[in-house]
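1. Here's a sequence, model it:
(one chain, ligands or ions: 1)
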Amino acid sequence: MKYEQTATGRRQHTVDELHEIYRRFSTQSDESGLYDQFLVPERAEGLHVWFKDRSEPYLDLGMGFSALNFGHQHPRLRKAVAEAVATIEHVHSFNSESKLLLSKALAEMTPGSPNKKVYFPVGGAMAVDTAVKLARAYTGKTKVASFTGAFHGLSFGAMMLTDDAVIDKSMYAPYPGEAVRLPYADCYRCEHGDHGSQGSKCRFQCLQTAEQRLRQDDDIAALIIEPVQGHAGFIVPPEEFIFGLKNLCLERGILFIDDEIQVGMGRTGKFLAIEHYGVEPDIILLSKSLAGGYYPLSAVIARADIWDNISPAGSGIGSTFVNSPWATQVALEVLSVIEEDGLLKNAEKIGAYFTERLKHLEQFDCIDNVTGLGLTQSMAVVKSKETKEPAPEMSKRIQSEALRQHMIVCCSGVERDRIKFVLPLWVDRRDIDMIVAKLYRIVKAVVATS
Ligand SMILES: Cc1ncc(COP(=O)(O)O)c(C=O)c1O
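-> A predicted model of the protein is given here:
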């Protein structure tokens with residue numbers, strides 16, 4: 001066996017040795033065993049990841065669970081990180097210039113009056129928890145409404161809002177409350193049999209159900225929604241649905257929390273996905289790509305009067321690593337990259353091309369309902385297009401075959417029946433052609449052995 005020294009003096013381990021360490025010492029209850037091959041990532045750049053002992057790179061269409069809207073190792077962001085960490089790592093309870101400038105930028109560039117205040121927790125779930133605290137304190141009410149298919153994170157507060165159908169929550173109960181569960185407008189799998197006609201036949205039964213539930217309960221502080229559902233497989237609801245919900249919130253004094261943690265930061269072709277609907281949220285949540293995927297920085301952007309309702313000292317809002325001085329510096333560079341490189345326009349334009357090209361895969365009997373917005377797309381894997389019966393085992397086989405052919409894709413959806421594609425916002429038509437041609441070969445290989 002050959003041992004090589006790393007720069008830090010630690011010896012290099014073989015993949016087999018690492019697998020044994022994984023088997024004995026690493027938990028398998030997290031998501032580290034999602035794929036059926038044991039691969040050890042070594043380096044990454046652009047669209048590609050290199051794994052230990054594999055000479056060919058892997059095409060990454062998962063992009064770190066949407067944390068890498070700018071791809072791997074974007075040169076400007078890598079430079080910004082190096083400069084920021086060389087200057088400062090952490091100071092608690094002081095206001096860095098970058099934190100203040102990032103607050104101002106986010107307050108001004110998001111929908112609604114710029115009269116907002118911004119706080120920077122760590123990770124998405126902490127942002128969700130903070131939004132629930134704000135809503136309860138502001139309204140004096142306790143319940144929060146969320147949706148079928150929703151994923152809002154796995155802290156206790158966020159988990160009460162995540163749908164049981166997405167995550168098995170039973171073994172950790174009880175939670176700090178139960179969500180008021182409302183039906184999401186997933187028109188392809190509409191429980192009223194509408195099947196994709198976007199409200200014309202069903203008269204928005206989902207909205208009518210939401211209306212009934214929100215009107216009969218006076219203890220609802222907030223409604224939290226993903227304007228395009230992420231874990232559910234990039235489900236894009238019709239405009240009338242989001243609009244109707246916002247009107248209900250206004251009528252009932254319920255705060256509208258817009259969870260953009262997965263689909264914000266330009267992913268859908270606009271800075272926020274909610275901008276496709278022209279609706280003003282009361283609270284907006286960002287994370288994942290906010291600091292370019294280098295740090296789990298998140299943001300809670302809320303109307304100033306909502307924040308001002310919380311007394312400043314001893315507020316029960318905070319954590320050691322909030323308001324990171326270096327990560328907020330990187331996030332400012334992220335905003336410059338989006339603007340200077342015209343990434344929103346590119347995501348919109350190339351996203352439309354991606355949808356058009358992906359639709360060619362619908363020629364396979366098992367592939368249906370290519371959907372998404374911008375550079376966030378997915379397709380349903382079904383037993384039959386007639387019945388739309390989900391085919392999770394087939395979607396798993398496509399994921400495995402993709403990995404065998406050096407492509408990383410993510411099985412998703414409430415029934416694990418959708419394959420999701422997450423691309424950097426700078427991809428061009430040539431990238432899309434190459435990706436779709438490879439996907440075609442992968443699906444064809446799976447179909448041929450079915
Ligand atoms: C929409 C949404 N909200 C919240 C979260 C939780 O974020 P984190 O995993 O950083 O806690 C996620 C994570 O995937 C998400 O997609």
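2. Would you check that residue 263 makes contact with residue 227?
-> Yes. Judged on CB atoms under 8 Å, residue 263 makes contact with residue 227 at a distance of 6.7 Å. Placement of C-beta: from N, CA and C, glycine included.
3. Residues in contact with the host helix or strand of residue 17: which ones?
-> Using DSSP states H and E, residue 17 maps to helix 15-25. Residues outside helix 15-25 that contact it (CB atoms under 8 Å, 6 or more residues apart in numbering) are 13, 32, 38, 40, 52, 53.
4. What residue in the stretch 51-200 of the chain comes nearest to the ligand?
-> Here the residue of the stretch 51-200 of the chain nearest the ligand is residue 124; by CB to the nearest ligand atom that distance is 2.1 Å.
5. Can you pull the residues that touch both of residue 263 and residue 227?
-> Contact criterion CB under 8 Å, 6+ apart; residues shared by residue 263 and residue 227: residue 273.
6. more crowded one of those two?
-> Using other CB atoms under 10 Å, the more surrounded residue of residue 263 and residue 227 is residue 263, with 29 against 23.
7. separation between the residue sitting nearest the centre point of the chain and residue 150?
-> In the chain, the centroid-proximal residue (CA atoms, centre = their mean) is residue 262; its distance is 1.9 Å. To residue 150, residue 262 is 11 Å away according to CB to CB, to the nearest Å.
8. any common contacting residues for these two?
-> Counting by CB under 8 Å, 6+ apart, the residues touching both residue 262 and residue 150 are residue 226.
9. residues near residue 17, how many?
-> The burial count for residue 17: 13, using other CB under 10 Å.
10. and it, how far is that from residue 38?
-> For residue 17, the distance to residue 38 - CB to CB - is 11 Å.
11. try residue 13
-> Distance, residue 13 to residue 38, by CB to CB: 13 Å.
12. Repeat that for residue 324.
-> Counting by CB to CB, the separation of residue 324 from residue 38 is 33 Å.
13. More neighbours: which of those two?
-> residue 324 (25 against 15).
14. quick one: secondary structure of the residue nearest to the centre of the chain?
-> Three-state call for residue 262 (DSSP: H, G, I helix; E, B strand; the rest coil): coil.
15. Report how many residues lie close to the closest residue to it other than its chain neighbours.
-> Using CB to CB, 6 or more residues apart in numbering and skipping the chain neighbours, the partner closest in space to residue 262 is residue 230 (3.4 Å). Close neighbours of residue 230, defined as other CB under 10 Å, add up to 27.
16. Could I get the phi/psi values of residue 230?
-> Main-chain torsions, residue 230, degrees, to the nearest 10: phi -80, psi -70.
17. list the contacts for it?
-> So residue 230 contacts 66, 151, 261, 262, 263 (CB under 8 Å, 6+ apart).
18. ok, back up a step: please check the contacts of helix 15-25 and keep the buried ones.
-> residue 13 (16 or more other CB atoms under 10 Å).
19. Among the contacts of helix 15-25, which pair sits farthest apart?
-> Using CB to CB, the contacts of helix 15-25 reach their maximum pairwise distance at 32 and 53, which is 18.1 Å.
20. Leaving out chain neighbours, which residue sits closest to residue 207?
-> residue 244 (4.4 Å).
21. Please apply the same query to residue 279.
-> Nearest to residue 279 is residue 246, by CB to CB, 6+ apart, at 4.6 Å.
22. tell me what the stretch of helix or strand the one you found belongs to is packed against?
-> Residue 246 is part of helix 239-252, with elements assigned from DSSP H and E. Judged by 3 or more CB pairs under 8 Å, 6 or more residues apart in numbering; DSSP states H and E, helix 239-252 is in contact with helix 205-215, strand 220-225, strand 255-259.
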